[in-house]
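Engineer: Starting from these lines, generate the structure:
(chains A and B)
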There are 2 protein chains.
Amino acid sequence: MPTVDVHTHMYPPALMSVLRDRKAVPYVRLFPDDTASGERLVILPAEESGSTARGRPIGPEYYEVSEKIKFMNTHNIDISVISIANPWLDWVDKSEAAEMARVVNDDVERMCREHEGRLYHFGTLPLSADVEDVVGEVKRLKSLKFCRGIVMGTSGLGEGLDDPKLDPIWEAIEEQQLLVFLHPHYGLPSEVFGPRKGDYGHVLPLAMGFPLETTIAVTRMILSGIFDRFKDMNVLLAHSGGTLPFLAGRIESCIAHDAHLKKEGKIDGRRNVWDVLKKNIYLDAVVYADVGLKAAIDASGADRIMFGTDHPFFPPLDEDEDKWLSVTSNMSAIKAALKDDKAKEQDILGSNAVRVLRLNP
Amino acid sequence: MPTVDVHTHMYPPALMSVLRDRKAVPYVRLFPDDTASGERLVILPAEESGSTARGRPIGPEYYEVSEKIKFMNTHNIDISVISIANPWLDWVDKSEAAEMARVVNDDVERMCREHEGRLYHFGTLPLSADVEDVVGEVKRLKSLKFCRGIVMGTSGLGEGLDDPKLDPIWEAIEEQQLLVFLHPHYGLPSEVFGPRKGDYGHVLPLAMGFPLETTIAVTRMILSGIFDRFKDMNVLLAHSGGTLPFLAGRIESCIAHDAHLKKEGKIDGRRNVWDVLKKNIYLDAVVYADVGLKAAIDASGADRIMFGTDHPFFPPLDEDEDKWLSVTSNMSAIKAALKDDKAKEQDILGSNAVRVLRLNP
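Structural biologist: Residues are numbered from 1 along each chain as shown, chains lettered A, B, ... in the order given. Modelled structure (predicted):
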């Protein structure tokens, strides 16, 4: 059975040319005062200033498919299910959104076709377009040979994923049996990390802001009853659910003790967090330690966890490293969490993805 | 061996009379337009308005020690280590802080003396006073017969617990061998919970804001090197560490991949998150499910986890319930996480607290 990476990003050339033309976040630029750093990708407003360098270096590993294949070969990854990284197409002007989504998704599909058997993808929705255009793109994505789902941030139509206006989109996604890959982008407001956050590089927003954004988003989805209305919708949560496996007990306890929810009759007769974790949610294994991974397995089951790398983010600081620490630590976590259960190890490394995403290894 | 509750709050009468005199948060008041609800405790600015009722009802279970003993007897809890709940004394005017801390701490000590053998406590510091006065109260607390540590929020002197100005206070705490009980208060800014947060009662801020506040605070302490400077300081983290056990792997991975920290020479030669979890941190068992509790045990060891209830918060919604769901779910989680290991079960239920806090059962 193959090893499958379900959390791995690319900016297809069609999107790169748009990002290079832009002057506001998100954009890609060669800064005249710092040409030595090469092109830089700025995807968060906070990355424009502050104690650290603007954005991050962006090289061919972000946009050249040959680099993805090379990375896969180095790490013995047979199949990658690629997705655009944040901020997807949330920022596109309404008038251009539907067309841009088609162009970008077709470009990703082309990459997969050129490496048939090695690459599949999660498409991207034009969420700033009219809802019917979004629904149209959902249906079109289903018709693409290598598309297996949809990568999505947490903003929805601008008011979060618990917005009832999203219902026609969820309905189409459920009907087309596409997996939603829910991925954070905005993190938390920087003031929550305190006045010395700059001393700690990007650690606090990356390590805590992102996972919390995911946890809040999916909990809002659960509390708003989305998984009661769309019982067959499936969501893959980035970073092993953010912190959902660990906080699920506290969330359910807070629900059970909430006078407002009781008054509204919202405590009983719902699909609770544990139900959703076992019926609607899949978790990637991008959690970098066996402690977290075991909690993910305990919460959702070893048949619902899928290996991922987050490539090309988290490259080794030492450029002559061959294998990436961010990959090997996630692989070691799987071995450590499952001890000697080789069958379950293989499930997480690839078999679950092959089954859930209907891949042809 | 006894069952010991290390996470249980009281507002001593000396503090209640101050809170009843106040007109700004935090305060206790009978609202003239809603006398039917009885006295209410408002401890967060956000509780003054919004879709839900102002603050929470506050009855004798918050300030009468006989109610604590009754609760303990109902749940077979032999010893409680009581602490004031948030917001402690952070809000007190500088000129009054040192004296108020002495009065309040002495009142809590009196409660323990009146129930010798059943009650111990964590004292409270006058953090708005001069640092030497804070240090003075640390030393005085050590001389109180029933005091075993210090309860503390995350603001420190106003700039967080990674503020180097706190060093003389940490030094005194380490020297006096008092355990710091780190407890959240402010949560996260309400906008992170989205425009529909009111539909979900208090679930999102309670279930996610509090644990994240704790996680961020302790991670800032670790990153600032506090546990390298004060290697023998011990901290008990509320709510099983917030989310620290689950996120520890990601935090360490973000550190290992941070170019800024590498440039500053801050990646190697430090006590890392896993070291701190096993050498400086204790975790309460207030996590409401075996999934989270197992992660806490995996991260810190079963000899570093201590049972707690969070009483008198999270009372049953059904007033005729005898045993509290918030207590029984935490007790069940211990049994479920440890399967049939009765010895470790007893460690978490009480033996660890007896050993670490030098209690006399």
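Engineer: Help me confirm that A:Phe122 is found in a strand?
Structural biologist: Yes. Judged by DSSP: H, G, I helix; E, B strand; the rest coil, A:Phe122 forms part of a strand.
Engineer: so how far is A:Glu109 from it?
Structural biologist: Computed as CB to CB, to the nearest Å, the A:Phe122 to A:Glu109 distance reads 11 Å. C-beta here means a position set from N, CA and C on the backbone, and glycine is covered the same way.
Engineer: Enumerate the residues of the stretch 251-361 of chain A near chain B.
Structural biologist: Within the stretch 251-361 of chain A, the residues that sit near chain B (CB under 8 Å from any CB of the partner chain) are A:251-262, A:287-292, A:294-295, A:298-299, A:314-317, A:325-326, A:329, A:333.
Engineer: hmm, which of those are the buried ones?
Structural biologist: The neighbour count (16 or more other CB atoms under 10 Å in any protein chain shown) marks A:251-258, A:260-262, A:287-292, A:294-295, A:298-299, A:314-316, A:325-326, A:329, A:333 as buried among those.
Engineer: any idea what sits nearest the residue in the stretch 251-361 of chain A that chain B sits nearest to, other than its immediate chain neighbours?
Structural biologist: Chain B sits closest to A:Ala289 of the stretch 251-361 of chain A, with a gap of 2.5 Å, by CB to the nearest CB. Nearest non-adjacent residue to A:Ala289, counting by CB to CB, 6 or more residues apart in numbering or on different chains: B:Gly249, 2.5 Å away.
Engineer: Okay, angle between the one helix or strand that neighbour maps to and helix A:244-256 too, please.
Structural biologist: Per DSSP states H and E: B:Gly249 is located in helix B:244-256. Using axes from the mean of the first three to the mean of the last three CA atoms, to 10 degrees, the direction of helix B:244-256 lies 140 degrees away from that of helix A:244-256.
Engineer: list the helices and strands helix B:244-256 packs on?
Structural biologist: Under the contact definition 3 or more CB pairs under 8 Å, 6 or more residues apart in numbering or on different chains; DSSP states H and E, helix B:244-256 sits against helix A:203-204, helix A:244-256, helix A:290-300, helix A:325-338, helix B:210-223, helix B:273-279, helix B:290-300.
Engineer: Which element is encountered next along the chain beyond that helix?
Structural biologist: helix B:259-263.
Engineer: Return the distance of that next one from the chain's centre.
Structural biologist: Distance of helix B:259-263 from the chain centroid (CA atoms, centre = their mean, to the nearest Å) equals 33 Å.
Engineer: could you give the mean pLDDT of that helix?
Structural biologist: Averaging pLDDT along helix B:259-263 gives 94.
Engineer: what's the answer for stretch A:326-344, then?
Structural biologist: 96.
Engineer: As CSV, could you dump the C-alpha coordinates of that stretch?
Structural biologist: Only the C-alpha atoms of stretch A:326-344 are listed here, as CSV (Å, rounded to 0.1, in the frame of the first residue of the first chain):
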residue,chain,number,x,y,z
SER,A,326,8.8,18.4,9.8
VAL,A,327,8.2,15.2,7.8
THR,A,328,10.3,12.7,9.8
SER,A,329,8.8,13.9,13.1
ASN,A,330,5.3,13.3,11.8
MET,A,331,6.3,9.8,10.5
SER,A,332,8.0,9.0,13.9
ALA,A,333,4.9,10.1,15.7
ILE,A,334,2.8,7.6,13.8
LYS,A,335,5.2,4.8,14.7
ALA,A,336,5.4,5.8,18.3
ALA,A,337,1.7,6.3,18.8
LEU,A,338,0.9,2.9,17.3
LYS,A,339,3.8,0.9,18.7
ASP,A,340,3.9,-2.3,16.7
ASP,A,341,0.6,-2.2,15.0
LYS,A,342,1.9,-2.2,11.4
ALA,A,343,-1.6,-2.5,9.9
LYS,A,344,-2.9,0.7,11.6
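Engineer: would you turn the helices and strands packed on helix B:244-256 into TSV with distance to A:Met16?
Structural biologist: Converted to TSV, the helices and strands packed on helix B:244-256 look like this (distance: least, CB to CB, whole Å):
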stretch	distance to A:Met16
helix A:203-204	28
helix A:244-256	33
helix A:290-300	33
helix A:325-338	23
helix B:210-223	35
helix B:273-279	36
helix B:290-300	40
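Engineer: any residues touching stretch A:344-355, and which ones?
Structural biologist: When contacts are defined by CB atoms under 8 Å, 6 or more residues apart in numbering or on different chains, stretch A:344-355 is touched by residues A:1-4, A:6, A:78-79, A:81, A:282, A:285, A:302-307, A:331, A:334-335, A:338, A:359, A:361.
Engineer: Quick check: buried residues in that stretch?
Structural biologist: A:Lys344, A:Glu345, A:Gln346, A:Asp347, A:Ile348, A:Leu349, A:Gly350, A:Ser351, A:Asn352, A:Ala353, A:Val354.
Engineer: related to what we said a few turns ago, check the contact lists of A:Phe122 and A:Glu109 and give me the overlap.
Structural biologist: A:Cys147.
Engineer: So for these two, which residue has more residues nearby?
Structural biologist: Using other CB atoms under 10 Å in any protein chain shown as the criterion, A:Phe122 and A:Glu109 rank with A:Phe122 on top: 27 against 20.
Engineer: wait, what's in contact with the more buried one?
Structural biologist: A:Phe122 neighbours (CB under 8 Å, 6+ apart): A:Val81, A:Ile82, A:Ser83, A:Cys147, A:Arg148, A:Gly149, A:Ile150, A:Val151, A:Leu179, A:Phe181.
Engineer: How about A:Asp275?
Structural biologist: Neighbours of A:Asp275 in contact, by CB under 8 Å, 6+ apart: A:Phe227.
Engineer: Pull up the pairing partners for the helix-or-strand element of chain A with minimal mean pLDDT, direction included.
Structural biologist: When the helices and strands of chain A are scored by mean pLDDT, DSSP states H and E, strand A:56-57 comes last with a mean of 84. Partners of strand A:56-57 in the sheet, by DSSP bridges, are strand A:40-42 (antiparallel).
Engineer: Tell me the buried residues in the partner strand?
Structural biologist: A:Arg40, A:Leu41, A:Val42.
Engineer: And A:Val180, which helix or strand is it part of?
Structural biologist: strand A:179-182.
Engineer: burial of the residue lying closest to A:Pro45 once chain neighbours are set aside, as a residue count?
Structural biologist: Ranked by CB to CB, 6+ apart and with sequence neighbours excluded, the top spatial neighbour of A:Pro45 is A:Val25, at 5.3 Å. For A:Val25, the count of nearby residues is 15 (other CB under 10 Å).
Engineer: What pLDDT is listed against A:Val25?
Structural biologist: What the model reports for A:Val25 is a pLDDT of 89.
Engineer: and it, what element?
Structural biologist: Using DSSP H and E, A:Val25 is not contained in any helix or strand.
Engineer: okay but it is in contact with A:Leu41, surely?
Structural biologist: No. A:Val25 is beyond contact range of A:Leu41, at 10.0 Å (criterion: CB atoms under 8 Å).
Engineer: who's in contact with the residue positioned nearest the centre of chain A?
Structural biologist: Geometric centre of chain A, nearest residue: A:His183, 3.1 Å, by CA atoms, centre = their mean. Residues near A:His183 by CB under 8 Å, 6+ apart: A:Ser83, A:Ala85, A:Asn86, A:Val151, A:Met152, A:Gly153, A:Thr214, A:Ala238.
Engineer: need the next SSE after the helix or strand the fourth one falls within, C-terminal direction.
Structural biologist: For A:Val151, the element it lies in under DSSP H and E is strand A:147-152. Sequence-wise, the next helix or strand beyond strand A:147-152 is helix A:167-175, with elements assigned using DSSP H and E.
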